[in-house]
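Engineer: Got a sequence here, can you build the structure:
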Amino acid sequence: MAEIVTVCKSEQKGTRKKAVAEGVLKEDYGLVGDAHADCCTHRQVSLLAMESIDKVKRMGFEVRPGDFAENLTTQGVELFSLPPGTRISVGKDVLLEVSQIGKKCHSGCAIYQKIGKCIMPKEGIFARVIHGGRVRGGDRIKIGKWIIRDEE
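Structural biologist: Modelled structure (predicted):
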């Protein structure tokens, strides 16, 4: 079963994100209260799988959800294999659309400085918020190219 493990946000860019009990994803904007949320970008929400974080842990580093600046930490789905355009349904209300796989990692990022590499460039993904709502740990995730909400 695919699900959300943790919701994370930060008030400033360039800092680790902190876990929160729940967040609100706003349509065509991102996670309310997060420094990376923006109406004018295709990278409104970032996602990283717990399985990817566990790879870094097995290398001997102490990392946790939010350390890679992801908004949503997932479990049970290989995120980086989802092509752009894939729809991700989270919980009852939220609908995301994958917009980018990976990102260029700058050598100044906190994780890169700490361990010399970062998994976000290859294993993190970004999405646009198609339909907003509340999101929290334990919310189920459904993946489908053609998941469509009634409101669309």
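Engineer: Could I get the pLDDT score of R16?
Structural biologist: We have a pLDDT of 82 for R16.
Engineer: How about the contacts made by it?
Structural biologist: The contact partners of R16, by Cβ atoms under 8 Å, 6 or more residues apart in numbering, come to S10, G66, D67, A69, A110. Any C-beta I mention is one placed from the backbone N, CA and C, and that applies to glycine too.
Engineer: next one: G133
Structural biologist: V24, L25, V90, G91, K92, D93, V94.
Engineer: Looks like the fourth one contacts D139 (just checking).
Structural biologist: Yes: G91 lies in contact with D139 (Cβ atoms under 8 Å); the separation is 3.7 Å.
Engineer: rewinding a little: out of the contacts of R16, which are buried?
Structural biologist: Buried residues within the contacts of R16, counting neighbours by 16 or more other Cβ atoms under 10 Å: S10, G66, D67, A69.
Engineer: Spatially central residue for the protein, please.
Structural biologist: L47 (1.7 Å; Cα atoms, centre = their mean).
Engineer: looking at this structure, which helix or strand is least sure?
Structural biologist: Every helix and strand of the chain was ranked by mean pLDDT, DSSP states H and E. The lowest is helix 110-115, at a mean of 61.
Engineer: sec struct for K55, please.
Structural biologist: Taking DSSP: H, G, I helix; E, B strand; the rest coil as the rule, one finds K55 in the helix state.
Engineer: residues near it, how many?
Structural biologist: 14 (other Cβ atoms under 10 Å).
Engineer: how much space between L82 and I101?
Structural biologist: 8 Å (Cβ to Cβ, to the nearest Å).
Engineer: Identify the contacts common to the two.
Structural biologist: I125.
Engineer: Put the alpha carbons of the host helix or strand of V98 into CSV.
Structural biologist: Assigned by DSSP states H and E, V98 belongs to strand 94-101. Provided in CSV are the C-alpha atoms of strand 94-101 (Å, rounded to 0.1, in the frame of the first residue of the first chain):
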residue,chain,number,x,y,z
VAL,A,94,-5.7,16.1,-3.0
LEU,A,95,-4.8,15.5,-6.7
LEU,A,96,-1.2,16.2,-7.9
GLU,A,97,0.3,15.9,-11.3
VAL,A,98,4.0,15.0,-11.7
SER,A,99,5.7,17.9,-13.4
GLN,A,100,9.4,17.1,-13.1
ILE,A,101,11.7,14.1,-12.2
